[in-house]
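> Pasting the sequence and the predicted coordinates here, then a few questions.
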Amino acid sequence: MGGRKKRGLMNVDEAVEFFKNIILEKPYLPLLIPLIFILWAIEKWFFSLSNWVPLVLAVWATIQYGNYQRQMVVEDLNKKWKRVVLSTSPITPLEHCEWLNKLLMEIWSNFMNPKLSLRFQSIVEKRLKHRKSRLIEKVELLEFSLGSSPPCLGLQGTRWSTSGDQRVMRLGFDWDTTDISIMLLAKVAKPFFGTARIVVNSLHIKGDLLLMPILDGKAILYSFISTPEVRITVAFGSGGSQSLPATELPGVSSWLVKLLNDTLAKTMIEPRRQCFSLPAVDLRKKVVGGIIYVTVTSASKLSRSSLRGSPSRRQPSLTVDSLQEHFDDKDLQTFVEVELGELTRRTDVRPGSSPQWDSTFNMVLHDNTGTVRFHLYECTPGSVKYDYLASCEIKMKYVTDDSTIFWAIGPDSGVIARHSEFCGKEVEMVLPFEGVHAGQLAVRLVVKEWQFSDGSLSFNNLRVSSQSSLSGSSNFLSKTGRKINVTVVEGKDLVSKDKCGKCNPYVKLQYGKVLQKTKTAHSSNPCWNQKFEFDEIGGGEYLKIKCYSEEVFGDDSIGSARISLEGLVEGSVRDVWIPLEKANSGELRIQIEAVSIDDYEGARSSAYPSNGWIELVLVEARDLVAADLRGTSDPYVRVQYGNLKRRTKVMYKTLNPQWHQTLEFPDDGSPLELHVKDHNALLPTSSIGDCVVEYQRLTPNEMADKWIPLQGVKRGEIHVLVTRKVPELQKRPSLDPEPSLTKAHQISSQMKQMMIRLKSLIEDSNLEGISTPLSELETLQDMQEEYMLQLETEQMLLLNKIKELGQEILNSSPSLSRRSSGS
């Protein structure tokens, strides 16, 4: 029944369409219909016409309907033919694009300009960090706007062409704007001083673009055919933060042009292509990083005569040479170096023209895009050098529908593209080596996870958030009020440059201006389990990691890495293995946790009744190494506790010094490091050992007596007494019967007298007597810092006590507590 109704409706629609077409083709038809009715009336009421009139009308209607059907078939065939011609013709006719430029003019100011300005601003900021002029020490982007004038596209028309199986559109690009607004604040490098504001007020870029749809229209690759024409006009501002006169700095304009040309050449000049994705769904997630596994499977068709950089190239004219060349290809010893940013890894060396590696590497991305490069090298037996042969690359990009696109340069500068719909799906690609006529590389790639700015992760087709917000947005606090706990757990496959193969690794962490250091291990697979604390910094600051091997004549770098701390969620520990960059192997296991200030203070107060202080007594040292030619040393100890630095007095000409000096630090959980130095009056000081004092697990108000061996030297120990003081468990004694402030003033006056004494010795040219007053002056300065630290500690304890008393008063008075909670 439903089918009949549907067919009836289709017949009615067809009839209506038919009569519309008749009226369009036969404009006199509306006049003919009334005439027919008049004739019918005459037939019925006046006199009878012959019976052939209805038959004539039926025949005429049938002929008209047949003509209409034939016309529809012809139009349909024409459309299909145009599609066939478009898909098979190597070049389509030239089409003009005035409509496109008019549309672009309408939507540029309110839609395109804000979006593109925001996107290009982040790209420009990254490029400026890595590429600076010699005259500029530091440059900061203050303002970025592309202006109200859009680029002109296809002024000479556009056309489609076919390259293999790939359709390509060629489109002219001409952008000449004078209302662009890009402002930079530059700090001038030495020997000059000051800052200058650089304003880019006009830009001209002209070239030809290629557009290539890939993956059935899911993305478009775009690039310039050749290096475009680029001109930039630069002005120099004045006023505000400007400290230099508004004159032109030489070479800045050419530096900006070169920076733009280099960026275009490396990213979007044929055959390098950029990708613009067209996802069906936009999840509106900002990616801050990701982890990808890269597997180098095998290579095939390798030949010395065809590969670039070969040390020996054979002439193929003689049969003997061709046979020799064939045997030489079998003797090839090759390996592949995988590069992603500053992270590099190498496969093992394999023989033959079709080597098999099957090596998998853990790689880290720091953005939503990345380029994995593969460099092929030949390893010549008995030689320490490697000969570069060829290279290829794969680009990848996160798509906002939670998928990933991979693309690469195919044979004859074509396109190889793959689409991974979710994390964990493996993609396999066979890449031709660039610039050579032989050789292919088979690789597999799988994205393990994408990391988002709201703290969630995307892996194995699932998006996981440690904590979900009811509003659907991130639920973490402002970045200015949290602590970041970083635990360096362990490492594996660390390789030292030492010829003996020994590895004594330690790790340095830098977050902002704060530096932390682990203890030194003695294994290539070390275990540290050391926890460090940092104040969270906004602005996408990275945690920088450097790994060193401790050596007698200077420590060797064995790799570095960086981790984005953006998007950490409280209550969730992020446990990752980070591969070391600038090294052939090595990974570090890092655990990261974000803690709010309230939770942090609550955890500390639950462990200890109140913030206390660390009392460190530096008693003595024994069996130190001799730093002077006379076989002795002038040792002193520099103590570093977080950002605080203190030092002891200098003990002259001894390898077994005794200091008996007490230092105090506010207990905030920072590492307590001791650096034993040899004092020199004129030359720089030299290190004679260092160590870390472990105090975190000490029982409150109980002294620990320790002899700690010194690291980095062959011998030496230091004797310390360390106590974790808690004021509520034991009343804090004073360091001195005199008030701290009075004692500090006395030390200050003694320092002034010592300075007068030094000045008189210098005027008398008594250089031999300067050493003793200098040492006494350093000791007085250390004592002054010690008493000032005591004042700071007392002030902090007093403020904590006032805060606790205020809280007790609020808790004891219900009305006050209700009022404070209501406000």
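Perfect, I can see it now. Residues are numbered from 1 along each chain as shown.
> where in the stretch 351-500 of the chain is pLDDT low?
384, 455, 459-481, 497-500 (pLDDT under 70).
> please redo it, this time with the cut-off set to 50
462-480 (pLDDT under 50).
> and what of the chain?
Along the chain, the model assigns pLDDT under 50 to residues 5-6, 9, 239-247, 309-327, 462-480, 601-610, 729-738, 816-821, 823.
> Where do the helices of it begin and end?
2-25, 29-41, 52-88, 98-107, 113-130, 252-267, 319-330, 597-607, 740-763, 771-812, 814-822 (DSSP state H).
> quick one: the fifth one to helix 252-267, angle?
This points to helix 113-130. Helix 113-130 and helix 252-267 are oriented at 100 degrees to each other (axes from the mean of the first three to the mean of the last three CA atoms, to 10 degrees).
> quick one: buried residues of helix 113-130?
When neighbours are counted by 16 or more other CB atoms under 10 Å, the buried residues of helix 113-130 are found to be 113, 117, 121, 124, 128. All C-beta atoms are positioned from the backbone trio N, CA, C, and that covers glycine.
> Could you point out the longest strand of this structure?
When the chain is parsed with DSSP state E, its longest strand is strand 195-214.
> can you state the direction angle for that one and helix 252-267?
Using the same axes, to 10 degrees: strand 195-214 against helix 252-267 is 20 degrees.
> tell me how far strand 195-214 is from the chain's mean position?
With CA atoms, centre = their mean, to the nearest Å as the basis, strand 195-214 stands 23 Å off its chain's centre.
> Check stretch 582-600 too.
On CA atoms, centre = their mean, the centre of stretch 582-600 falls 16 Å from that of its chain.
> so what's residue 222 up against?
Residues near residue 222 by CB atoms under 8 Å, 6 or more residues apart in numbering: 209-212, 268, 273-276.
> can you give me phi and psi for the residue nearest the centre of the chain?
Nearest residue to the geometric centre of the chain (CA atoms, centre = their mean): residue 366, 2.9 Å. The phi and psi values for residue 366, taken as degrees, to the nearest 10, are phi -110, psi 20.
> On the strand side of things, show who the nearest residue to it once chain neighbours are set aside bridges to.
If the residues on either side of it in the chain are set aside, residue 366 comes closest to residue 289, at 5.3 Å by CB to CB, 6 or more residues apart in numbering. For residue 289, the beta-bridge partners under DSSP bridges are residue 451.
> So residue 289 sits against residue 564, correct?
Yes - with contacts counted by CB atoms under 8 Å, residue 289 reaches residue 564, the gap being 4.9 Å.
> out of these two, which sits in the busier spot?
A count of neighbours by other CB atoms under 10 Å puts residue 289 above the other of residue 289 and residue 564, at 22 against 18.
> what sits against the more buried one?
Contacts of residue 289 (CB under 8 Å, 6+ apart): 364-367, 450-451, 564.
> out of those residues, which one sits closest to residue 582?
Nearest to residue 582 among the contacts of residue 289 is residue 364, at 13.2 Å by CB to CB.
> and that closest one, how far is that from residue 263?
Residue 364 sits 23 Å away from residue 263, going by CB to CB, to the nearest Å.
> correct me, but residue 182 touches residue 145?
Yes - counting by CB under 8 Å, residue 182 touches residue 145, with 7.4 Å between them.
> What residues sit buried inside the longest strand of the chain?
Those would be 195-201, 203, 205-214, for strand 195-214 by 16+ other CB under 10 Å.
> And the strands in the stretch 601-750 of the chain, which stretches?
Using DSSP state E, counting those that start in this stretch, the strands found in the stretch 601-750 of the chain span residues 613-622, 635-641, 644-647, 658-666, 672-678, 686-693, 703-709, 717-725.
> oh sorry, the question was meant for the stretch 151-300 of the chain
Ranges of strands within the stretch 151-300 of the chain are 152-163, 166-177, 181-188, 195-214, 219-224, 229-236, 274-277, 287-300, based on DSSP E, counting those that start in this stretch.
> Run through the neighbouring helices and strands of the fourth one.
Strand 195-214 is packed against strand 166-177, strand 181-188, strand 219-224, strand 229-236, strand 415-420, with contacts defined by 3 or more CB pairs under 8 Å, 6 or more residues apart in numbering; DSSP states H and E.
> Would you mind confirming that the residue nearest to the centre of the chain makes contact with residue 566?
No - using CB under 8 Å, residue 366 makes no contact with residue 566, being 10.4 Å away.
> show me what contacts the residue nearest to the centre of the chain?
Residue 366 sits next to 288-289, 341, 542, 562, 564 when contact means CB under 8 Å, 6+ apart.
> What separation do you get for it and residue 584?
According to CB to CB, residue 366 and residue 584 sit 20 Å apart.
> Also residue 713?
Residue 713 sits 29 Å away from residue 584, going by CB to CB.
> same thing with residue 625?
Using CB to CB, residue 625 is found at 34 Å from residue 584.
> repeat for residue 803
Distance from residue 803 to residue 584, counting by CB to CB: 53 Å.
> And for residue 574?
Taken as CB to CB, the span from residue 574 to residue 584 is 26 Å.
> who has more neighbours, those two?
Using other CB under 10 Å as the criterion, residue 574 and residue 584 rank with residue 574 on top: 18 against 13.
> Tell me who's in contact with that one.
Residue 574 sits next to 568, 591-593 when contact means CB under 8 Å, 6+ apart.
> Dump the residues you listed into a markdown table; add neighbour count and distance to residue 39 as well.
Formatted as a markdown table, those follow (neighbours: other CB atoms under 10 Å; distance: CB to CB, whole Å):
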| residue | neighbour count | distance to residue 39 |
| --- | --- | --- |
| 568 | 20 | 90 |
| 591 | 15 | 98 |
| 592 | 18 | 95 |
| 593 | 19 | 96 |
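> Need the max-distance pair from those residues.
Based on CB to CB, the longest span within the contacts of residue 574 runs between 568 and 591 and measures 11.6 Å.
> Just give the closest residue to residue 510, not the sequence neighbours.
Residue 510's closest residue in space is residue 544 (CB to CB, 6+ apart), at 4.4 Å.
> Quickly note the distance from that neighbour to residue 516.
Distance, residue 544 to residue 516, by CB to CB: 11 Å.
> Please identify every residue contacting each of those two.
Counting by CB under 8 Å, 6+ apart, the contacts common to residue 544 and residue 516 are 509-510.
> So those two - more neighbours on which side?
A count of neighbours by other CB under 10 Å puts residue 516 above the other of residue 544 and residue 516, at 20 against 15.
> In contact with that one, which residues are there?
Contacts for residue 516 (CB under 8 Å, 6+ apart) come out as 486, 508-510, 532, 534, 671.
> how about a cut-off of 10 Å?
Residues in contact with residue 516 (CB atoms under 10 Å, 6 or more residues apart in numbering) are 486, 488, 507-510, 530-534, 642, 670-671, 673.
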